[in-house]
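K.L.:
Next comes the sequence, and after it the predicted model I'd like to discuss.
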Amino acid sequence: MEHDHAPTSDGGPAKKAWVLVESMFGNTETVGAAVARGLALEGFDAEVFGVLDAPDRVPDDLALLVLGSPTHAFSMSRASTRADAVRQGADPERATSGLREWLGGCHPGDHPPPVAVFDTRVSKVRRLPMAAGPAARRLAHAKGFAVLDRPTYYLVDDVQGPLAAGEVARAAAWGRRIGALCQDWWTARALSR
């Protein structure tokens, strides 16, 4: 049985969204929380998960999945790059697994929700030819998730942070934008049936 995730404008129940983040120093987590606040303004019940705490099975009633990851060595983290982050002061518990591993082992369900992706990166190398967001987008697409939009990125002043000025507000605004795109996606899907 196919679930109807199409949003309602009549004040019906909030749409369910997950914001799943990998965060070594807390910056990506801060962005994820801001994205969730933006989604809430668009009527979503948005729950933020650290990648280590996220269930590996995506529920059938999930309307949106947002994925966030720090950029490590021009891509998503690996065990070796997370070990480097620990050497730079990151909590060793955060280094046991990452978004790459979560995507590799997740079960998207019979009707995967659309996905939106962001990454964080150091501001002095903002124009990266490759980064975590595009890599996560490719992996999510390969798992069967529809991708709502091209990945976006948020800048940190240095490896450990802090986030650059204005990035938290920009993340909340992007959450609203992604929420609206998600509603349009479900409406178009319902109309095409």
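P.N.:
Cool, the structure landed. Since the model is a prediction, treat every value here as computed from it, not as a measurement. Numbering: from 1, shown residues only.
K.L.:
For the residue nearest to the spatial centre of the chain, which three-state class applies?
P.N.:
Here the mean C-alpha position of the chain is nearest to the C-alpha of Leu67 (C-alpha atoms, centre = their mean), at a distance of 1.8 Å. Using DSSP: H, G, I helix; E, B strand; the rest coil as the criterion, the local structure at Leu67 reads strand.
K.L.:
State the distance from it to Asp158.
P.N.:
When distance is defined by C-beta to C-beta, to the nearest Å, Leu67 is 24 Å away from Asp158. (Glycine included, C-beta is placed from N, CA and C.)
K.L.:
got it, and Ala90?
P.N.:
From Ala90 to Asp158 the distance is 13 Å (C-beta to C-beta).
K.L.:
Do you have the strands of this structure handy? List them.
P.N.:
Applying DSSP state E to the chain gives strands spanning 15-21, 44-50, 62-70, 115-122, 152-156.
K.L.:
returning to what we had before: if you count surrounding residues, which of Ala90 and Asp158 has more?
P.N.:
Ala90 (20 against 12; other C-beta atoms under 10 Å).
K.L.:
thought the more buried one was touching Gly26?
P.N.:
No. With contact defined as C-beta atoms under 8 Å, Ala90 does not count as touching Gly26 (9.2 Å).
K.L.:
show me what contacts the residue nearest to the centre of the chain?
P.N.:
When contacts are counted by C-beta atoms under 8 Å, 6 or more residues apart in numbering, Leu67 touches 20-21, 99, 103, 115-118, 136, 140.
K.L.:
Which other helices and strands does the helix ranked longest in the chain contact?
P.N.:
In terms of residue count, the longest helix belonging to the chain (DSSP state H) is helix 167-191. Applying 3 or more C-beta pairs under 8 Å, 6 or more residues apart in numbering; DSSP states H and E, one finds that helix 167-191 makes contact with strand 15-21, helix 27-41, strand 44-50, strand 62-70, strand 115-122, strand 152-156.
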